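> The sequence isn't on hand, but the structure is:
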């Protein structure tokens, strides 16, 4: 994953976080309306919790990508050493983002 792709992912994640915060505000406003039914309030509360969880995950991914951008990318020249050495630094790849 190149630095340009990482920066694009960071920008996309930041946009996603902003949209989620707007959705949370909209749901909270809807909950404050007196004509909202009890069932709809429960669904809105559930959606607010889901949005908050997604914001936390997105912010964690942003921090990880920023760390990858700041750290130098090192190539592993010897595959055996890369597997057996616990001190080998791995480069940031799309696969490593799955475990962030």
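Structure received. The structure presented is a predicted model; accordingly, all values stated were derived computationally and were not measured.

> so who does the most centrally placed residue in the chain touch?
What sits nearest the mean C-alpha location of the chain, by Cα atoms, centre = their mean, is residue 58, with 2.0 Å. Shown in contact with residue 58 (Cβ atoms under 8 Å, 6 or more residues apart in numbering): 13, 16, 17, 20. For the C-beta atoms, the positions are set from N, CA and C on the backbone; glycine is no exception.

> Roughly how far does it sit from residue 3?
From residue 58 across to residue 3, the span is 20 Å (Cβ to Cβ, to the nearest Å).

> and if you look at residue 13?
15 Å.

> Out of those two, name the residue with the larger neighbour count.
Neighbours were counted for residue 13 and for residue 3 using other Cβ atoms under 10 Å; residue 13 has more, 17 against 12.

> Surely that one and residue 60 touch.
No: applying Cβ atoms under 8 Å, one finds residue 13 not in contact with residue 60, separated by 9.8 Å.
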